[in-house]
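Asks: fold the following and give me the result.
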Amino acid sequence: MSRTSAGKRQRTFVLCVALAGAAAGAAADRLAFAQQPGIKRTILLRTDEPGSQTHEAVMGVAEIAPGAMAGKHRHPGIEIGYILEGSVTLEHEGEPATQLKAGDAFKNEPGVHNATNTGKIPVKILAVYLVEKGKPIAEPVR
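Replies: Here you go, the predicted structure:
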């Protein structure tokens, strides 16, 4: 076998492994966000966090139907969010619940929290996650 042929096979193998890894990462995001019915999460952008080899920034929109909740969960980093529409009750373990409405911003530090749509219309939240690479963006907590 020639060096050219072996090199092409090696490049093909590396490409296949990279594509399989990307597909697994996309599936992990879907599984991480497959929480309660009544919630839709859409990833808008994913990028390396400048100055960090271990973290990335992920932007998404979460939509929670009236009466639905995210369920207790945590993130391997922090989440910052902005309420685009509707209202939500945000609960952090050991703290009083906070009522948020359109125009309010919030930050979820590492720790268990839950969001419940307490309004009559769907709540839409623009969220940015600064999280460790290779970990799911959200981890459910029972």
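Asks: all helices of the protein, in order?
Replies: Counting by DSSP state H, the chain has these helices, from start to end: 3-33.
Asks: quick one: low-confidence parts of it?
Replies: Residues of the chain that meet the criterion pLDDT under 70 lie in 1-36.
Asks: again, only this time at 80
Replies: By pLDDT under 80, the low-scoring segments of the chain are 1-37.
Asks: distance of residue 70 from residue 39?
Replies: Using Cβ to Cβ, to the nearest Å, we find residue 70 at a distance of 6 Å from residue 39. No exception for glycine: its C-beta is placed from N, CA and C like everyone else's.
Asks: what sits in contact with each of the two?
Replies: For the pair residue 70 and residue 39, residues contacting each of them under the criterion Cβ atoms under 8 Å, 6 or more residues apart in numbering are 62, 64.
Asks: these two: which is more packed in?
Replies: Residue environment comparison for residue 70 versus residue 39 gives the larger neighbour count to residue 70, 24 against 20, counting by other Cβ atoms under 10 Å.
Asks: hey, where'd the strands end up in the protein?
Replies: When secondary structure is read from DSSP state E, the chain shows strands at 39-48, 55-64, 73-74, 77-85, 87-92, 98-101, 105-108, 113-116, 123-132, 139-140.
Asks: keeping just the C-alphas, turn the fourth one into CSV.
Replies: If I follow you right, that is strand 77-85. The C-alpha atoms that make up strand 77-85 are tabulated as CSV, following Å, rounded to 0.1, in the frame of the first residue of the first chain:
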residue,chain,number,x,y,z
GLY,A,77,-21.1,26.4,35.1
ILE,A,78,-23.4,29.5,35.2
GLU,A,79,-26.5,30.5,33.3
ILE,A,80,-27.5,34.1,32.7
GLY,A,81,-30.9,34.8,31.3
TYR,A,82,-33.3,37.5,30.1
ILE,A,83,-37.1,37.1,30.1
LEU,A,84,-38.3,38.0,26.6
GLU,A,85,-42.0,37.3,27.1
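Asks: now do it against strand 55-64, angle only.
Replies: Inter-element angle recorded for strand 77-85 and strand 55-64: 40 degrees (by axes from the mean of the first three to the mean of the last three Cα atoms, to 10 degrees).
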